[in-house]
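Undergrad: Got a predicted structure plus its sequence, pasted below:
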Amino acid sequence: MRIRVKHRLAQAAIVLLAAAWALVASAADPARPKIVNNSLSAADGQKLRGDTLFLTGTTRNNRGDEFTLTPQAWSENAAIGFNIRRLWASGGTEANNAAKLAKIDQCVDLAARAGQYVIIVYGPPSDGPIGSNHHKEFWSLVAARYKDRTHVIYELANEPPDAWPANAGETAAFTGGISMAKMVRDSALDTPIILFSNNQNPRSPSYYQQFQDGYQAKHGVVWSWANALVGFHGYYLASTAQMQAVKDRWPCINTETPTYYRGDGEKTAYGQLVYSIEDDWDETVRMEQLGIAWINFDHCTRMPYGEPAPSPWYRWIFRDFHTGPFADYMVRKNVAWWVKGPAAAITSPENCATFTAPASVTLTASATDNSGTIAKVEFYSGATKLGETTAAPHSFIWNNVAVGSYAITAKAVSHAGAAYTSYPVKITVLAGGLAKATIADSTAGAQQKGNTKERAYDGNLNTRWANDGTLATAWIQYDLGSAQPVAAVKIRPYNGRTMTYPIKIEVGDGLAMTTVWSGATEWWEKTLQTFDVKDATGRYVKITMTGNNSHDDAWLGIYETEIYVTGTSPDKPTTPLTH
Ligand SMILES: [Ca+2]
Ligand SMILES: [Ca+2]
């Protein structure tokens with residue numbers, strides 16, 4: 001008897017300890033988020049912004065699902081300025097909902113310790129529409145469990161089949177969702193609920209009106225939007241006007257922001273064809289401009305510019321594939337939000353711009369300061385200060401620039417003395433008197449069917465020569481018809497937006513070739529890159545490209561090539577090379 005009592009006391013102590021521990025963790029939870037301007041903000045007023053972690057059944061993190069259960073996964077992005085993670089809690093074996101609870105508990109605690117909010121999302125259910133079987137079971141286990149955790153948000157269903165535009169009968173399809181929403185709301189009165197995240201775009205306001213009307217008809221109470229939001233994704237075909245129309249009427253959040261490449265048929269890592277929409281290819285920027293909270297679909301990691309990343313999806317958040325790192329890009333778009341203190345971006349000239357000596361280059365920069373005011377912007381070429389401005393627009397004319405290559409930066413300094421140096425814009429100043437040579441013929445190590453070598457010099461920036469997908473080193477050799485004094489080479493490299501790779505340029509008679517430039521291509525594909533090669537005379541110009549660690553390496557190629565020669569005549573005849 002006494003032993004049993006002791007045992008019971010011990011059990012009670014354990015329960016009390018567990019309860020006390022939970023209470024401590026709960027006390028550290030960030031305060032409830034709030035709906036501000038029809039979107040969701042943290043208690044401190046900052047818009048919710050973040051990315052996604054996966055609990056199970058996917059390797060999308062690229063660091064393994066187990067990474068999600070580490071403190072680092074929840075803390076590292078606070079440095080970026082993120083304040084939320086979306087936790088993908090379905091996937092794997094959906095039947096094991098109960099087995100996931102311990103992991104979700106852990107994530108909820110890790111989020112709180114990192115000062116982060118967490119969205120728990122389920123879906124898509126594989127066993128039917130909203131509210132069926134495993135889906136219903138999941139929320140019956142989860143809804144009440146975290147109701148007192150003030151940093152937790154529930155997203156009822158990710159892209160449920162019945163929320164796809166192609167599916168007709170939306171009213172009928174809401175039946176399960178209307179029941180589920182009631183169950184979750186009754187179990188967690190104060191927890192923000194994100195309704196069914198529509199794929200593609202926010203649906204018409206009538207879609208949500210149908211939900212609201214159906215909810216009231218079935219349950220006899222009005223659905224409250226005081227702590228509920230419309231969820232949507234924006235992969236394609238969504239317009240800013242559509243999003244604005246929804247936001248005007250309902251609280252909303254974008255729970256999957258994709259990255260749009262420009263409208264050139266580029267495919268994402270998911271194999272989706274994406275389109276340029278209003279030439280605003282970065283969904284994040286649009287969300288910022290509309291004042292809508294957003295969650296990137298992938299896990300984002302702070303990446304120093306130019307550092308090889310596990311996948312392009314790690315990179316995107318921190319760099320614009322065309323115009324430098326994400327930070328500078330957002331400053332240019334005037335939607336920077338995470339930089340505490342000054343920030344700056346060179347807005348002109350564009351990266352890889354080319355000038356003719358003696359050049360007069362107008363340098364212009366955007367500068368912002370989220371926590372103070374800008375005292376001055378200093379312009380630099382490398383470590384050399386060129387000049388400074390104290391008032392916007394921050395513009396400075398750099399005169400008499402000699403032949404050479406320059407890395408230009410703008411350094412914003414706040415009145416508090418804090419400073420931020422922009423990502424460099426690289427420009428080239430070529431000697432005067434150069435003429436574009438005619439490329440008469442070419443040979444290549446390999447070529448892909450349809451992307452033949454002639455396309456590398458057909459005058460079209462958007463047609464290309466491609467390697468054959470197997471040869472590790474890609475090379476192409478241009479024949480100028482006769483020996484020419486080669487002074488500079490311009491190319492628009494393929495894949496320049498996603499990687500940089502070694503390149504070698506040689507000039508010679510086809511047998512004896514002299515290396516006139518070697519180094520790495522710029523991370524740039526928007527325009528031609530200029531290589532001010534060591535002047536050398538020869539009939540042939542050979543470009544060799546070596547891939548890095550991407551599987552795309554063997555498809556390296558060149559969209560367009562321009563070879564520039566000086567006006568002087570070749571000093572000796574060259575024996576034609578027979579192929
Ligand atoms: Ca071309
Ligand atoms: Ca040169």
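TA: Thanks, I have it. Numbers count the residues shown, from 1 in each chain. Ligands and ions are numbered 1, 2, ... in the order given.
Undergrad: Moving C-terminal from the longest strand belonging to the chain, which element do we reach first?
TA: When every strand of the chain is counted residue by residue (DSSP state E), the longest turns out to be strand 473-493. Towards the C-terminus, the helix or strand next in line after strand 473-493, according to DSSP states H and E, is strand 502-508.
Undergrad: That following strand packs against which elements?
TA: Contacting strand 502-508 under the criterion 3 or more C-beta pairs under 8 Å, 6 or more residues apart in numbering; DSSP states H and E are the following elements: strand 473-493, strand 513-520, strand 536-546. Every C-beta, even on glycine, is put in place using the N, C-alpha and C of the backbone.
Undergrad: If we use 10 Å, what do you get?
TA: With contacts taken as 3 or more C-beta pairs under 10 Å, 6 or more residues apart in numbering; DSSP states H and E, strand 502-508 sits against strand 473-493, strand 513-520, strand 529-531, strand 536-546, strand 557-566.
Undergrad: SS state for residue 87?
TA: Secondary structure of residue 87, reduced to three states by DSSP: H, G, I helix; E, B strand; the rest coil: strand.
Undergrad: Could you pull up the residues touching it?
TA: Applying C-beta atoms under 10 Å, 6 or more residues apart in numbering, one finds that residue 87 lies in contact with 52-55, 68, 74, 103-104, 107-108, 111, 118-122, 152-153, 155.
Undergrad: what are the pairing partners of the helix or strand encompassing residue 362, and which direction each?
TA: Residue 362 is located in strand 359-369, with elements delineated by DSSP H and E. Paired strands of strand 359-369, with direction, are strand 342-348 (antiparallel), strand 394-401 (antiparallel) (DSSP bridges).
Undergrad: give me the number of residues near residue 459?
TA: By the measure other C-beta atoms under 10 Å, the count of residues near residue 459 is 7.
Undergrad: contacting residues for the nearest residue to it once chain neighbours are set aside?
TA: Counting by C-beta to C-beta, 6 or more residues apart in numbering, the nearest residue to residue 459 once its immediate chain neighbours are dropped is residue 560, at 7.5 Å. Neighbour list for residue 560: 455-465, 490-493, 527-528 [criterion: C-beta under 10 Å, 6+ apart].
Undergrad: Would you write out the PyMOL command that picks the buried residues out of those?
TA: Buried members of these, identified by 16 or more other C-beta atoms under 10 Å, are gathered into one PyMOL selection as follows:
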select buried, resi 455+456+457+463+464+465+490+491+492+493+527+528
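Undergrad: Among the strands paired with strand 359-369, show me which one is buried the most.
TA: Highest mean neighbour count among the strands paired with strand 359-369 (mean count of other C-beta atoms under 10 Å): strand 342-348, with a mean of 24.
Undergrad: just how off-centre is it within its chain?
TA: Computed by C-alpha atoms, centre = their mean, to the nearest Å, the separation of strand 342-348 from the middle of its chain amounts to 19 Å.
Undergrad: Looking at the helix or strand that it is followed by now, give me its mean pLDDT.
TA: The helix or strand immediately downstream of strand 342-348 is strand 354-356, counting by DSSP H and E. Model confidence over strand 354-356 averages 97 on the pLDDT scale.
Undergrad: Could I get the buried residue list for strand 354-356?
TA: For strand 354-356, the buried set under the neighbour-count rule, 16+ other C-beta under 10 Å, comprises 354-355.
Undergrad: which residues pair with residue 530 across the strands?
TA: Residues found in beta-bridge contact with residue 530 (criterion: DSSP bridges) are residue 490.
Undergrad: Could you give the number of residues near it?
TA: Taking other C-beta under 10 Å as the neighbour definition, residue 530 ends up with a count of 23.
Undergrad: again with residue 381
TA: Number of residues near residue 381 (other C-beta under 10 Å) recorded here: 18.
Undergrad: Could you verify my assumption that it touches residue 396?
TA: No - in this structure residue 381 lies outside contact range of residue 396 using C-beta atoms under 10 Å: 11.1 Å.
Undergrad: Need the residues touching each of those two.
TA: Between them, residue 381 and residue 396 share the contacting residues 361, 363, judged by C-beta under 10 Å, 6+ apart.
Undergrad: returning to that earlier point: quick check: strands, which of the contacts of residue 560 are part of them?
TA: Judged by DSSP E, the subset of the contacts of residue 560 located in strands is 465, 490-493.
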